[in-house]
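S.K.: need a structure here:
(one chain, ligands or ions: 2)
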Amino acid sequence: MARNQKYDVLFEPIKLGPKTSKNRFYKAPHCTALGVERPGAQAYFRSIATEGGWGIVNTEYCSIHPESDDTPYVSARLWDDGDVRNLALMCERIHDQGGLAGVQLWYGSKHALNYETRVAPRGVSQVPSDYVPYQSCTSMSKRDIREIQGFYVAAAERARLAGFDMINVYGGHTHPILHQFLEPFYNKRTDEYGGTLNNRARMWLETLEMVREAVGDSCAISCRFGIDTLRGDLGIKAEEDGIGFVQLADHLVDLWDFTIGNLEWGEDAGPSRFFKENFQRPLVEIVKPYASKPVVGVGRFTSPDVMVDAIKRGQLDMIGAARPSIADPFLPKKIEEGRNDDIRECIGCNICVSRWAIGAARIACTQNATAGEEYRRGWHPERFSRVANEDSNVLVVGAGPAGMECATVLAKRGFGSVHLVDAASELGGSLRWIPRLPGLGEWGRVVDYRRVQLDKLKNVEINLKTTLDAKMIREYGADFVVVATGSRWAEKGINGATHEPIPGADASLPYCLTPEQIMVEGKRPVGQRVLVYDCDGYYMGGVLAEKFARDGYAVTLVTPLSQISPFTEYTLELPRIKRTLLGLNVEVVTEHSLDFIEPGIAKGSHIYDPRKSSTWEIDSVVLVTCRNSNESLFRELEADPDTLAREGIKGVYRIGDCVSPRLIVDAIFEGHRLAREIDTANPAVPLPYIREYRVLGQSDVDFDAVLDSKRAEPRSSRSKFSISN
Ligand SMILES: Cc1cc2nc3c(=O)[nH]c(=O)nc-3n(C[C@H](O)[C@H](O)[C@H](O)COP(=O)(O)O)c2cc1C
Ligand code: SF4
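M.R.: Ligands and ions are numbered 1, 2, ... in the order given. Here you go, the predicted model:
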């Protein structure tokens, strides 16, 4: 199908200094924890996006010198010739697909942990980091300034050697030193590098000039600029220094890459719970008129209409995207081919961020199970190997995220027929009701995308409102059975803190409620005073507290954990969750366990000092304690292998929460993995994957051979570095 003409503007080429991007799609710099550690995965992950149509594809932040080492977090690096060689593979693959490769130069100063190199960082002024509070820096002399500018130039020259087309001189999120020089919050200097805007901008302007002088005739120079650090008078304000810096540096850049926020970077990588698409527009529109060079901006762009609108209105010249490009590396191509309904829209959950933020865990995406798996498992987001046993039929029991993903991939692989069966009247499992919680509407895209795919696949049959017991499954006529029956919130308060139920907790009582009872069965709290007990630590406790507070209840949120919803620190949602709950007058009690519940009262104690007990006069208790797998059906099936064999069933597998209650990202991954590998010798055990690590006795030449053979793609050539996990 041809693309709709109204989207033509997105596919116009755009000249950026010495380079021309084939279209207006820009994959913004974002980390993956692949970086310097996994050059193969780095090259494949980034170049898949070029194949999917992104005109420019960037690295993550790229350290320019050992003095800026972010260990245990994994960045890219351009320290030496080895880094040049490794990043050259990424550039080569991007060029093969007709795209431009960008690299983001970063010197983190006091925010860089330097746990690997153990060097003291140099910084604008000697004040401890607000990001790593126990770390400070050496205050830079003018000689230091020149040396660090030299690091930038050397890294830019290496970048050119590696084949990069665009050098992004990074100054956003107050993460690199250049932004720290500009921001009065960091810059306390009294020399010509501190004080007025011209002085605070000097370090960055000089660096831009030097980099431009060194590589500007062969590489485009872009500048990621945090136009507003959202810190009021001590920070950079869009209408003051934001405009001012653009006016000072405009002649030195070929592309402006605008972003917002500081190291509380959830204001930039805004989660959908608190931010809508194109949320950075108001600040970008203040500064954009002062830029004579093209401007790219971000804001979870997934809708082609919103993108076109941003360009036609003059808000942006290029559409930048980090998360939308992770969730769907083929987003531009799908628009180009008139397949907008196939776009796998980012849901704004920030699980991708969490993997990196936890420390060195490779990228994962709730929507795109193949993210980060392109090289090591050979998975392509849009292509699926034909199944070996085409005539076989598969029955998937349970149409939650794991079951839907599994059924979709099985059908795309060409199984004779795939039946997806669920007792409920709608697809989605827990995602039928989670998107109705405050702020979580976009999570419904997990179901929407898969529903569209399943509807298009001729070999899929969906049977809802259908409950199958073990006997019916055995007699169904399927060759393979996949059980994806999900999990349920505990009804008696068993939890990870005590490993015991809570005396008096019982969801069959009118004043004890589980999340499913509230959201699926419509059970309401009795009385006005609600205590939410959260041992889970992710979003559910906080979001239910928010819901009941908004509904007018007096809410107390109690948790044995050291802060509310601690996992959401990694998804960047925590600061806003705290502000929201405090704003709604929710009483927050941390580090307290709930010891027993009786009508009108809940009693608890401090987890570090059990002598300190608390009594809460409440009317109802919401039990967000833990989930348990709905596994009885699977257990019954596996207990009778003889009957399964008699009925011609070749395999029974389980996936998702039915195995172990986990994040949606992991349930979907498991459904995807099984569908990719169901025709292998033992589908229950994942196939080995490539590990990128040094093996004693093997030389660089051996390692290069593996990378070279990957360029030719045969899967068998990957065996050398494979292991079973
Ligand atoms: C997983 C992840 C890692 C990121 N890492 C970087 C980074 O290394 N450098 C950077 O400038 N921005 C980084 N960002 C911010 C993005 O470039 C972008 O500004 C932000 O996510 C908003 O764009 P989006 O709504 O299209 O995701 C990262 C974002 C994500 C989601
Ligand atoms: S993990 Fe969530 S936020 Fe990140 S790209 Fe995937 S869907 Fe979007």
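
S.K.: Quickly find the element holding the residue in the stretch 551-700 of the chain positioned nearest to ligand 1.
M.R.: Across the stretch 551-700 of the chain, no residue is closer to ligand 1 than Leu572, which sits at 8.7 Å (C-beta to the nearest ligand atom). For every residue, glycine as well, the C-beta is placed using N, CA and C. Counting by DSSP states H and E, no helix or strand carries Leu572.

S.K.: Just the pLDDT for it.
M.R.: Note for Leu572: predicted pLDDT of 98.

S.K.: got a list of what it touches?
M.R.: 264-266, 269, 271, 350, 353, 357 (C-beta atoms under 8 Å, 6 or more residues apart in numbering).

S.K.: Tell me how far the nearest residue to Met166 once chain neighbours are set aside lies from Ser129.
M.R.: Leaving aside its sequence neighbours, Met166 sits nearest to Gly102 (C-beta to C-beta, 6 or more residues apart in numbering; 3.7 Å). Going from Gly102 to Ser129 by C-beta to C-beta, to the nearest Å gives 27 Å.

S.K.: the more surrounded of these two?
M.R.: Gly102 (32 against 22; other C-beta atoms under 10 Å).

S.K.: Surely that one is within a helix?
M.R.: No - read with DSSP: H, G, I helix; E, B strand; the rest coil, Gly102 is strand and lies in no helix.

S.K.: Hmm, Ile56 and it touching each other?
M.R.: Yes - in terms of C-beta atoms under 8 Å, Gly102 counts as a neighbour of Ile56; the distance is 5.5 Å.

S.K.: Show me the common contact partners of these two, please.
M.R.: 165-166.

S.K.: Contact partners for Lys492?
M.R.: Neighbouring residues of Lys492 by C-beta under 8 Å, 6+ apart: 501-502, 505-507.

S.K.: Show me which residues of this protein sit near ligand 2.
M.R.: 323, 326-327, 346-352, 365-367 (C-beta under 6 Å from any ligand atom).

S.K.: Glu267 versus the residue of the stretch 551-700 of the chain closest to ligand 1, what's the distance?
M.R.: 8 Å.

S.K.: The stretch 351-500 of the chain: strands as residue ranges?
M.R.: Using DSSP state E, counting those that start in this stretch, the strands assigned to the stretch 351-500 of the chain run over residues 393-397, 417-421, 460-463, 480-483, 487-489.

S.K.: now do the stretch 501-650 of the chain
M.R.: So, for the stretch 501-650 of the chain - with DSSP E, counting those that start in this stretch - the strands run 512-513, 529-534, 554-558, 587-589, 592-598, 601-606, 613-617, 620-624, 627-629.

S.K.: Format the ones you listed as TSV; extra columns: mean pLDDT and distance to Thr302.
M.R.: Output for the strands of the stretch 501-650 of the chain, formatted as TSV (pLDDT from 0 to 100; distance: least, C-beta to C-beta, whole Å):
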stretch	mean pLDDT	distance to Thr302
strand 512-513	98	35
strand 529-534	98	31
strand 554-558	98	32
strand 587-589	98	34
strand 592-598	97	41
strand 601-606	97	43
strand 613-617	97	43
strand 620-624	98	30
strand 627-629	98	29
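
S.K.: since we're on the closest residue to Pro503 other than its chain neighbours, how many residues are nearby?
M.R.: Residue nearest to Pro503 in three dimensions, not counting chain neighbours: Phe596, with 4.1 Å by C-beta to C-beta, 6+ apart. Using other C-beta under 10 Å, Phe596 has 13 other residues around it.

S.K.: ok, Phe596 - contacts?
M.R.: 502-504, 602-603.

S.K.: Reformat those as a markdown table; add distance to ligand 1 and neighbour count.
M.R.: Listed next are the contacts of Phe596 as a markdown table, based on distance: C-beta to the nearest ligand atom, whole Å; neighbours: other C-beta atoms under 10 Å:
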| residue | distance to ligand 1 | neighbour count |
| --- | --- | --- |
| Ile502 | 37 | 26 |
| Pro503 | 43 | 14 |
| Gly504 | 43 | 20 |
| Ala602 | 39 | 25 |
| Lys603 | 42 | 16 |
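
S.K.: which residues does the closest residue to Asp254 other than its chain neighbours contact?
M.R.: Closest residue to Asp254 in three dimensions, ignoring its sequence neighbours and counting by C-beta to C-beta, 6+ apart: Gly17, at 3.2 Å. Contacts for Gly17 (C-beta under 8 Å, 6+ apart) come out as 216, 219-221, 254-255.

S.K.: Kindly indicate the member of the contacts of Leu572 with the most neighbours.
M.R.: Pro271 (25 neighbours).

S.K.: Test my guess that that residue contacts Ile351.
M.R.: No - in this structure, Pro271 is not within contact of Ile351 by C-beta under 8 Å, at 10.1 Å.

S.K.: Common neighbours of these two, please.
M.R.: Residues touching both Pro271 and Ile351 (C-beta under 8 Å, 6+ apart): Thr571.

S.K.: what about whichever residue of the stretch 201-350 of the chain sits closest to ligand 2, is that helix, strand or coil?
M.R.: Going by C-beta to the nearest ligand atom, ligand 2 is nearest to Cys346 of the stretch 201-350 of the chain, at 3.2 Å. Following three-state DSSP, the label given to Cys346 is coil.

S.K.: Name the nearest residue to it, ignoring sequence neighbours.
M.R.: Closest to Cys346 by C-beta to C-beta, 6+ apart is Ala327, at 3.9 Å.

S.K.: How many residues are close by that neighbour?
M.R.: 27.

S.K.: ok, it - contacts?
M.R.: Ala327 neighbours (C-beta under 8 Å, 6+ apart): 302, 344-347, 365-368, 371.

S.K.: what's whatever residue of the stretch 451-600 of the chain ends up closest to ligand 2 in contact with, if anything?
M.R.: Across the stretch 451-600 of the chain, the shortest distance to ligand 2 (C-beta to the nearest ligand atom) belongs to Thr571, at 8.2 Å. Counting by C-beta under 8 Å, 6+ apart, Thr571 makes contact with 266, 271, 349-351, 353-354, 357.

S.K.: Tell me the pLDDT of the residue nearest to Lys6 when sequence neighbours are not counted.
M.R.: Spatial nearest neighbour of Lys6, excluding adjacent residues (C-beta to C-beta, 6+ apart): Val308 at 6.2 Å. At Val308, the model reports a pLDDT of 98.

S.K.: and if you look at Asn389?
M.R.: pLDDT, Asn389: 84.

S.K.: how close does it sit to ligand 2?
M.R.: Per C-beta to the nearest ligand atom, to the nearest Å, Asn389 is found 32 Å from ligand 2.
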